[in-house]
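Trainee: need coordinates for the below:
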Amino acid sequence: MELLTRREHGARELKRKLIAKGLEAEAAEAAVDELAAEGWQSDLRYAQAITRSRARQGYGPRRIAYELAQAGVDAATADEAMRLEDCDWHAIAQDWVQRKQTAPPEDPAAVARLRRKLHGRGFDERIVRSVIAGDDDPSD
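Mentor: Alright, predicted model coming up:
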């Protein structure tokens, strides 16, 4: 319970921490299952917290989904968390570019660097293309 009072934890992370504190693997599994059944632990709430945090840091949905998968959150839960958070990924990408650059890149090498950075941050090609072109609407 002490671990969950500070912040949300995924089930895998919580089990790992309980085992590190000396609990047997089966006891840790049972404890996490009981906490989840009582509503104290939720992978969905954990995924929402991670999604919110990473989106504020300028990361895109692919990067966040990868991080959640590495934390043991299943894809359906990660998708649901991102749907519930209702992030405007295009605006997040635009904001990140504006914070990092004062002017749009002019030469092809600078455009390629920006494209790689946006892909690395987890944005898909449609959003990358739109942000580089300076469009406000990614549907074009």
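Trainee: give me the neighbour count for Phe37.
Mentor: In this structure residue 37 is Ala, not Phe. 9 (other C-beta atoms under 10 Å). In short, each C-beta sits where N, CA and C put it, glycine included.
Trainee: for it, phi and psi?
Mentor: Dihedral angles of Ala37 (phi, psi; degrees, to the nearest 10) stand at phi -60, psi -30.
Trainee: before we move on, what about the one 4 residues further on?
Mentor: Torsion angles at Gln41 (phi, psi; degrees, to the nearest 10) stand at phi -120, psi 130.
Trainee: wait, it touches Leu35, no?
Mentor: Yes: between Gln41 and Leu35 a contact is recorded at 4.1 Å, counting by C-beta atoms under 8 Å.
Trainee: looking at those two, which one has more neighbours?
Mentor: Under the criterion of other C-beta under 10 Å, the comparison of Gln41 against Leu35 puts Gln41 first, with 24 against 19.
Trainee: from Arg129, how far off is the more buried one?
Mentor: Here Gln41 is placed at a distance of 40 Å from Arg129 (C-beta to C-beta, to the nearest Å).
Trainee: check Ala93 too.
Mentor: For Ala93, the distance to Arg129 under the criterion C-beta to C-beta works out to 11 Å.
Trainee: ok, now Arg116?
Mentor: The gap separating Arg116 from Arg129 is 13 Å, by C-beta to C-beta.
Trainee: of these two, who's got more company?
Mentor: Between Arg116 and Arg129, Arg129 has the larger neighbour count (other C-beta under 10 Å), namely 15 against 11.
Trainee: which helix or strand contains that one?
Mentor: When elements are defined using DSSP states H and E, Arg129 is found to belong to helix 125-133.
Trainee: so where is the protein shaky, pLDDT-wise?
Mentor: Within the chain, the stretches falling below the threshold (pLDDT under 70) are 1-6, 102, 137-140.
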